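# Just need the structure, nothing else, for what follows:
(one chain, ligands or ions: 2)
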Amino acid sequence: MKVEVNDIRVQFGGVMPLDGVTVTFPGGTCGLIGPNGAGKTTFFNVLSGYVTPVNGSVRCDGVELLTMPDYKRARWGVRRTFQTEQAIEGLSVFDNVLTVYEHTAKGSRAEKKKAVDEALEFCGLLGVRDQLVRTLPAKERRFIEMARAVVGSPKVVLLDEPAAGLPDEETNELSVIIRSIPERSDATVILVDHDMALVQACCEWSAVLDFGRLLASGPTGDVLRDPKVLSAYLGEDEL
Ligand SMILES: Nc1ncnc2c1ncn2[C@@H]1O[C@H](COP(=O)(O)OP(=O)(O)OP(=O)(O)O)[C@@H](O)[C@H]1O
Ligand SMILES: [Mg+2]
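Ligands and ions are numbered 1, 2, ... in the order given. Have a look, this model is predicted:
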């Protein structure tokens, strides 16, 4: 499903973190990259309803997202992970996912519980289903975020640096999950990460933000070779 973004502008006082971003994400797993402060998280905040832009539209499947309140957007199928971990320490893995899903989905409690177990299985978490989050290592905590983002049938899944701080082997496991999301629920995934190997492994198509503007978009390999993109990253060690 395409995510058509038109002329998004966000203003915080004198700062314009998004300054007229127009881009169409073609579907599947798409990358959204750019240097620190480029506006990537702000872009997710706009799509998920945490930030109201001064201008712009986001259309998916014939629906305008920006006029929907955030809870309706979540119910319609916009899901996200956060750059900082959000798991609740004193709850089990299962309850962490159920707590989020309960408020976003319709249906009986039994149906919701079944969907949570499916999401845990998809993310390889069934083995720690009933453990308290506080007893778990970093990898499982991170994968809980993924399970919360994919539980049920999301339509747009926004992943904000899901691999930050994970070692290579666990990042590889995560990339298998990320690549499988679109076919699992026919969702469009937008992946923000500074790990270019992960973005290349997961995303055929990517867009690049820099200073709140679209710098480039297209096949990921082409975008990463684009001189404009290389120079935007100059001085950073991610490329
Ligand atoms: N609530 C806010 N008030 C004022 N300025 C903000 C606010 N949130 C973000 N900004 C500014 O907007 C710009 C974009 O920030 P954003 O967090 O979207 O960048 P990012 O691309 O996600 O960066 P990173 O890769 O470091 O996570 C930055 O200059 C940031 O300081
Ligand atoms: Mg960010």
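# Give me the distance from the host helix or strand of Val97 to the chain's centre.
Per DSSP states H and E: Val97 is located in helix 93-104. Its chain's average C-alpha position is 18 Å from that of helix 93-104, according to C-alpha atoms, centre = their mean, to the nearest Å.
# Next secondary structure after that helix?
Next element after helix 93-104 (DSSP H and E): helix 109-122.
# can you give me the angle that next one makes with helix 93-104?
Calculated by axes from the mean of the first three to the mean of the last three C-alpha atoms, to 10 degrees, helix 109-122 forms an angle of 130 degrees with helix 93-104.
# Which parts of helix 109-122 count as buried, going by neighbours?
Within helix 109-122, the residues scored as buried using 16 or more other C-beta atoms under 10 Å are 112, 115-120, 122. (C-beta placed from N, C-alpha, C; glycine too.)
# how about the residues of the protein near ligand 2?
Within the chain, the positions adjacent to ligand 2 are 40-41 by C-beta under 5 Å from the ion.
# Low-confidence bits of the chain, can you list those?
235-239 (pLDDT under 70).
# what about the longest helix seen in it, distance to the chain center?
Taking DSSP state H as the criterion, the chain has its longest helix at helix 168-185. Averaging C-alpha positions (C-alpha atoms, centre = their mean) puts helix 168-185 12 Å from its chain's average.
# Helices of this structure, start to end?
For the chain, the helices defined by DSSP H cover 40-48, 70-76, 93-104, 109-122, 138-150, 168-185, 196-202, 220-225, 227-233.
# Tell me which other helices or strands the last one touches.
For helix 227-233, the elements it packs on are strand 205-210, strand 213-219, judged by 3 or more C-beta pairs under 8 Å, 6 or more residues apart in numbering; DSSP states H and E.
# Can you tell me which of the ones you listed is nearest to Trp76?
Trp76 sits nearest to strand 205-210 of all the helices and strands packed on helix 227-233, at 22.4 Å, using C-beta to C-beta.
# that older thread, how about the helix holding Val97: buried residues?
For helix 93-104, a neighbour-count test (16+ other C-beta under 10 Å) marks 93-98, 100-101, 104 as buried.
# so which of those comes closest to ligand 1?
Distance to ligand 1 across the buried residues of helix 93-104 (C-beta to the nearest ligand atom) is lowest for Val100, with 21.8 Å.
# is it true that that closest one touches Pro154?
No: in this structure, Val100 is not within contact of Pro154 by C-beta atoms under 8 Å, at 11.5 Å.
# any idea how far stretch 24-37 is from the chain center?
Distance, centroid of stretch 24-37 to centroid of chain: 9 Å (C-alpha atoms, centre = their mean).
# Which positions in it come out as buried?
Across stretch 24-37, burial judged by 16+ other C-beta under 10 Å covers 25, 27-35.
# same thing with stretch 146-161?
Buried residues in stretch 146-161, defined by neighbour count with 16+ other C-beta under 10 Å: 146-152, 154-161.
# so which residue of this protein comes closest to ligand 2?
Per C-beta to the ion, Thr41 is where the chain lies closest to ligand 2, at 3.2 Å.
# That residue: what's it in contact with?
83, 160, 192 (C-beta atoms under 8 Å, 6 or more residues apart in numbering).
# Leu234: neighbouring residues, count only.
The number of residues packed near Leu234 is 8, by other C-beta atoms under 10 Å.
# Where does the record place the domain boundaries for the protein?
1-77+154-239, 84-152 (automatic domain parsing).
# For stretch 65-85, what is the distance to the chain centroid?
Taking mean C-alpha positions (C-alpha atoms, centre = their mean), stretch 65-85 and its chain are 10 Å apart.
# Now tell me what touches it from outside.
If you take C-beta under 8 Å, 6+ apart as the criterion, stretch 65-85 is touched by 41, 44, 46-50, 52-53, 56-59, 63, 103-106, 141-142, 145-146, 148-150, 153-162, 164, 187.
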